[in-house]
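With the input below, show me the fold.
(2 chains)
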Amino acid sequence: MKGYMAFLKKEFFEYTKTYKLFIMLMVFAVFGITNPLIAKLIPEILGSLITDGVIITLPEPTAYDAWTQFFKNATQMGLIVMVILFSGVLSSELSKGTLINLLTKGLSRTAVILSKFTCMALVWTMSIALCFVLTYGYTVYLFPKDETTNLLFSVFCLWLFGLFLLAALLFSAALTRSNYGCLLIIGFIVVICMIMNIIPALHRYNPISLSTNNMGLIMNSIEVSSLYGTIMISCLLSLIFVSLSVVVFQKKQL
Amino acid sequence: MGVLEIKQLYKRFGHHEVLKGLDMDVPEHSIFGFVGQNGAGKTTTMKIILGLLKPDSGSVTVCGEKVTYGESKTNRYIGFLPDVPEFYGYMNPMEYLKLCGEITGLTKAQIKSKSEELLELVGLKDQKKKIGGFSRGMKQRLGIAQALLNDPKLLICDEPTSALDPIGRKEILDILYAAKGKTTIVFSTHILSDVEKICDRIAVLHEGKLALCGTLSEIKQRHRLHGFILEFESEKEASCFESAEDLKQPSIRLSRNGSTVKVLLPDGDMDGYFLLGLLSQKRIVPLKFAVMEPTLESLFLEVVR
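Numbering: from 1, shown residues only, chains lettered A, B, ... in the order given. The predicted model follows:
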C-alpha cells in the first residue's frame, strides 16, 4: 500500500514534469471551448461561402450541435491523443530500466500496475471533466433555450469507455516491450470491438456502444436502461484487463 | 550461515545455457568479488538473486529466506546498483531518494537524515541539478546512495567501476570499502585490480559454474607455484648458485637473468628450506630471497583458459 501511494505520487509528478498532464488538459480544453463555437459558427461560415444562384438552407444551430461536436472530438481526437500519450506507460520504464531500482527496493509489481492505472484514470477524468465543464458553460451561454436529456449519463458513458480503453492499453503495454507493440495491440482490440458492432445483437454488450450512443441518449432516442448491460460488461472487461496486466507483469522477466 | 546462498542454479536463454549448476555462499561482512568474462553470467546471476529473472532450477536464499521470482520479499534485505543505473531524469537526487525511501517505508524524518548522510558520503550533497544532466560517474554515485538507503544486509553491485575514469573508479571503490563494516557486498567486475584492492573473497564464474572460490589468500595459497626468486650481489654468485649439483634435477626448472635466478620446484617435499640449505652450503647470502606469489591475473587466466 505504501508502495502504491509512493509510486502514484511519482506517476503524477512525472505527468506534470513531462508535460503529459499539460498536453491532455490543453487538448481537452481547446475542444471544450471550440465545440459550441464551431456549432454556432458553422452555418455562418458556410453562409459566407454561398455565392449567387445557390441557395442552401441551413437549420438554426442548437445545443445538440454543440454536444455533437463534443462527443465527436472527445471520442475521436481526444481518445486517440490519450492512447498515444499513454502508450509508453510501461515500455519507457522498461527500456530505460528505471523500474529496476524501485522493484529491487521492494516495490511490488502489482503496485506498479495499479498505480499506473489509477494515475492514467485520474488524468483522463480531469481532462474529460474540464472539457465537459467548458462545453457546458459555453453551450448554456450560446444556446440558452435548448434543453438536453441524460447529459451527465451520456458523458459518464464516454468516461467509462475511456477507462475501458486505458485498461486495455495497460494490458497491451504489459504484453509488449515497445510502445509500438502496445499501440498495435490496443488498435487490434478496438478493431475487434468495431467489427463486433456490425452484428446488431451484440450492440448491447459491446463497450464501443458507450461511445456511439451518446447523442441518442441526449436526444432521448435511446433508452438509458438499454445501456446498463454495456456498462456492466465494460466494467467487467476493464477489471479483467487490469487483473490480467498484473498477472502478465508478474511473470515478465526484466 | 551465509547472507547469500545459491544452490545448483541453472538458467538458459534459448539454446544458450548461461548457468550450469552454480553454487555460491557469501558469508556475512565480506566484500565478495564476483569475477568473470563478459557474458559469463554475472548479471544473470544477480538478476535471479533479485527476483527479476526466473531460474530454470536451483534455489537462492537471502538472509535465510528463499527468493521467489516476481514478488520478491527478500529484496528488503538487498540494495542493488545496476551496471548502468537509470533514474527519472526530471527529479533531483533528493527527490529521488525520497521516492525510494517512501517505497521502502521509511518515515519522513528518517528519509531526510538518511538522504543527507548518503549524499554526503557519495559527494552529491549540494547537487540541486536534475538527474537528467548527470554524468555517468554521478549517476553511479547516486546509484550507490539509493542502494544503501534502506541499510541493506546485502549490497549487490553490478560492475560498478566499469566505464569510469580512474579517479571515479577509486572514489567508488573507496565508498564501497567504507560501507564494508555495515553490510555485505557482492560486486561483479572484470577489472581484477579492483578486486585485489578491496575484496576479501573472490569467486570466478566460468562456463556457468564457479571455477574458483575462497578468500584471496586461500586461493593464492592453493595455487602457489613453489617458485622462488633469488637476487644476488653479482652475476658470479648467481651462476655459482645455479651450477650447484643438487639443482641439476630434471624436475627443477631454473632460469637466470643477470644476477637474478628464478627457481621452480616440483610439488612435494622440496621447499624453500632446500634452497636455503643450498645457500648456506655454498656460503652465499642472497640480496633477496622471495616466494613467488601468483597474481590474480595469472590465476584468472589459468582458470578460464
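
Need the pLDDT of B:L225.
Predicted confidence (pLDDT) for B:L225: 65.

how far away is the residue nearest the centre of chain B from B:R136?
The centre of chain B sits closest to B:G33, judged by Cα atoms, centre = their mean, with a distance of 1.8 Å. Relative to B:R136, B:G33 is positioned 22 Å away (Cβ to Cβ, to the nearest Å). For every residue, glycine as well, the C-beta is placed using N, CA and C.

now the helices for the chain?
Since you didn't name a chain, this refers to chain A. A:2-17, A:20-49, A:63-73, A:79-86, A:91-96, A:98-103, A:109-142, A:151-175, A:179-196, A:209-212, A:214-218, A:228-251 (DSSP state H).

hmm, I had chain B in mind actually
Going by DSSP H, chain B shows helices at B:42-49, B:93-104, B:108-121, B:136-148, B:166-178, B:192-198, B:216-222, B:235-242, B:272-282, B:296-304.

Pick the most deeply packed of the ones you listed.
Highest mean neighbour count among the helices of chain B (mean count of other Cβ atoms under 10 Å in any protein chain shown): helix B:42-49, with a mean of 24.

mind listing what residue 68 touches?
You didn't say which chain, so I picked chain A. A:39, A:215 (Cβ atoms under 8 Å, 6 or more residues apart in numbering or on different chains).

not quite, I wanted chain B
Contacts of B:T68 (Cβ under 8 Å, 6+ apart): B:51, B:74.

ok, residues contacting stretch B:29-45?
In contact with stretch B:29-45 (Cβ under 8 Å, 6+ apart) are residues B:6, B:9, B:11, B:18-19, B:22, B:24, B:26, B:53, B:83, B:158-159, B:176-177, B:180-181, B:183-190, B:192, B:194-195, B:198-208, B:300, B:304.

which residues touch A:L202?
A:M196.

Which pLDDT value belongs to it?
84.

what about it, distance to chain B?
37 Å (Cβ to the nearest Cβ, to the nearest Å).

and if you look at A:I33?
29 Å.

The nearest residue to B:V60 once chain neighbours are set aside - how many residues pack around it?
Of all residues not flanking B:V60 in the chain, B:V67 sits nearest, at 4.3 Å (Cβ to Cβ, 6 or more residues apart in numbering or on different chains). Counted with other Cβ atoms under 10 Å in any protein chain shown, the burial measure for B:V67 works out to 20 neighbours.

Close to chain A: what parts of chain B are there?
Taking Cβ under 8 Å from any Cβ of the partner chain as the criterion, chain B approaches chain A at residues B:47, B:50, B:52-54, B:70-73, B:75-76, B:78-80, B:82, B:84-88, B:90-91, B:99-100, B:102-105, B:143, B:146, B:149-150.

Dump the helices of chain B to a markdown table, plus mean pLDDT.
Formatted as a markdown table, the helices of chain B follow (pLDDT from 0 to 100):
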| stretch | mean pLDDT |
| --- | --- |
| helix B:42-49 | 91 |
| helix B:93-104 | 91 |
| helix B:108-121 | 91 |
| helix B:136-148 | 89 |
| helix B:166-178 | 86 |
| helix B:192-198 | 85 |
| helix B:216-222 | 80 |
| helix B:235-242 | 85 |
| helix B:272-282 | 85 |
| helix B:296-304 | 78 |
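
mind giving me TSV with the ones you listed and columns for distance to A:N214?
Listed next are these as TSV, based on distance: least, Cβ to Cβ, whole Å:
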stretch	distance to A:N214
helix B:42-49	48
helix B:93-104	40
helix B:108-121	46
helix B:136-148	48
helix B:166-178	59
helix B:192-198	65
helix B:216-222	73
helix B:235-242	101
helix B:272-282	95
helix B:296-304	68
